[in-house]
Structure formats: structure tokens, C-alpha cells
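Participant: I'd like to go over a predicted model; first the sequence, then the structure.
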Amino acid sequence: MNRKPYIAGNWKMNLDRRAAVALAAALREACQAFTDRDVAVFPPFVYLDEVARTLAGSKVRVGAQNMCDAANGAFTGEVSAAMLLDVGATSVILGHSERRQLFGETDEGIGRKVRTALGAGLDVILCVGETLDERNTQATERVVGRQLTKGLEDLTLDQMAKVTVAYEPVWAIGTGLNATPKQASDVHTYLRGLLAGLFSPKVAQATRIQYGGSVKPENARDLLTSPDVDGALVGGAALKPDSFLAIARFR
Ligand code: 13P
């Protein structure tokens, strides 16, 4: 199965309006020639509308970094799937480790968000990843396995066509300490095996698994050409056109 590489920029809580639009405009031009890879950006909520308009009709997709699991109602401070679609987002990152660790998100809650997002017609990037403690105590497979299983609970085979998994070891995020290509590959292969059991071998072969955690222009090629690695979810290096594009052009 030839999976199309998917390179996504998670802007997290960075940039201002001007910088967000300028970055989007730079990517719009530079990505026009891409045919053999997918590219997406995930700006903060408040810039989604303008970034989506800047990128309308381009090769770069736009998504959100989180959303509410409810459709609408009295949920102060939350944003719904319909609102994201309304402003031009087509995708959403769910279960990022910063949401899990800093904002108390649970596997069950993330699973609900995944079902809501797919039900509304959004694509999903589901993040999984172990902490350093968990890696050091040989708990990586147990942890990412649980996160994957709960995050994808009750999905149909068809819905899985709209899901990307991102393996982001917590110890590699924002630390400059990326997983080695072998460490990434090993977990990706494990996750793909789980997908075969949870859904089907066909779904497992078709589902893209991104690596995230200190991806930089210098390490992108080695990571992204490793077995079972189908792209990257990029944080810090996604905030500048040059570094993000160097990663997107990994080969
Ligand atoms: P960094 O690339 O800054 O390590 O962040 C990775 C990440 O968390 C992307 O979602």
C-alpha cells in the first residue's frame, strides 16, 4: 500500500494574526506544486477563519487543535465541530499530549470527540504517545495501545478513512530530542498491527501514522522515510515557512 505522506503543522498557541496570515500565504504559494503529499496547518481557533480564507482553493488544508464533544449548547468557552466547518476547517487534532497532560483530557473523552468530529464530517488526527517514565518502564506499547483503542472506539471501517494517527512521544515534544527513526518505526509498526486487529488489515495498511516530536529539517528525511512512518506532525519548526517547507520537501 502506497500511503501518501502527510505533513501537518500544529501552530499551538503561537503567532499573531499578521504572522499567521503571512505564514499561510507563504505556504499557499510554495505548496501549489505538491501532488504526492498532503499538507495541513492547525492555527489557533481565533485565526482559523482568516487562515482558511487565505488558503481557500490551495493545496494546504486547515484544521483546529481541539474541539468540544457536544454539538452545541451551554458549554462556555468551547467550540463545536459545526463551527469549525463553518469557518473553513476540514480537520481537527484530538488527544494531543498537551491536552491530555495540561487540561486533563481522558481517553474516553477523546474517543467521544473523535466520534463527534467524524460524525460532523471533519477529518481527525488522533495523537498518542508515552511519557519518558512510561518508556523507561517498558510501558510504551501498553500506553499507546490504550490511547489508540479508546480513541478509535466504535468507529466504522469507513470512518477510519478519515483518521490519521500521530505518534508523539511526550519526551520528544519541544525538547529537541527526537525519537530515532528506529524508535519511531517500532511504535508505528506496533500501532499498525493494532489497527489490523481493531478494524481490518486493509484499514491498517491504509491508515497514515505521522511521527511528531522535535521534527526539524535536519532529521525529517531519516524519520519520514522509515518503515511505517507516513509523515510528520510538526510543532516549533512549523512556525516558519522555510523550516516547515524543508520538512514537507523531505524527499
Ligand atoms: P515540536 O515539533 O515543537 O516538538 O512539537 C511537536 C508537537 O507536539 C506537534 O503536535
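Facilitator: Here it is on my side, so go on.
Participant: output the top helix by length along the chain as CSV - backbone C-alpha positions only.
Facilitator: In the chain, assigned by DSSP state H, the helix with the most residues is helix 181-198. Taking Å, rounded to 0.1, in the frame of the first residue of the first chain, the C-alpha atoms of helix 181-198 are listed here in CSV:
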residue,chain,number,x,y,z
PRO,A,181,13.9,6.6,13.2
LYS,A,182,14.1,3.1,14.7
GLN,A,183,12.2,4.1,17.9
ALA,A,184,9.5,5.8,15.8
SER,A,185,9.2,2.9,13.3
ASP,A,186,8.9,0.3,16.1
VAL,A,187,6.0,2.1,17.6
HIS,A,188,4.4,2.8,14.3
THR,A,189,4.6,-0.8,13.3
TYR,A,190,3.1,-1.8,16.6
LEU,A,191,0.2,0.7,16.1
ARG,A,192,-0.4,-0.6,12.6
GLY,A,193,-0.7,-4.1,13.9
LEU,A,194,-3.2,-3.0,16.5
LEU,A,195,-5.3,-1.3,13.7
ALA,A,196,-5.4,-4.6,11.9
GLY,A,197,-6.9,-6.3,14.9
LEU,A,198,-9.2,-3.4,15.8
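Participant: quick one: list the elements packing against it.
Facilitator: Applying 3 or more CB pairs under 8 Å, 6 or more residues apart in numbering; DSSP states H and E, we find helix 181-198 packed against helix 140-151, strand 163-167, helix 201-206, strand 209-212, helix 217-224. Where C-beta positions appear, they are placed from N, C-alpha and C, glycine not excepted.
Participant: where do the strands of this structure begin and end?
Facilitator: In the chain, the segments counted as strands under DSSP state E are 6-10, 38-42, 60-64, 91-94, 123-128, 163-167, 209-212, 231-234.
Participant: could I get the helices and strands packed on helix 181-198 as TSV with mean pLDDT and mean neighbour count?
Facilitator: TSV is the format used below for the helices and strands packed on helix 181-198 (pLDDT from 0 to 100; neighbours: other CB atoms under 10 Å):
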stretch	mean pLDDT	mean neighbour count
helix 140-151	98	19
strand 163-167	98	26
helix 201-206	98	16
strand 209-212	98	28
helix 217-224	97	19
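Participant: select, out of the ones you listed, the one closest to the ligand.
Facilitator: With CB to the nearest ligand atom as the measure, strand 209-212 is the member of the helices and strands packed on helix 181-198 nearest the ligand (4.2 Å).
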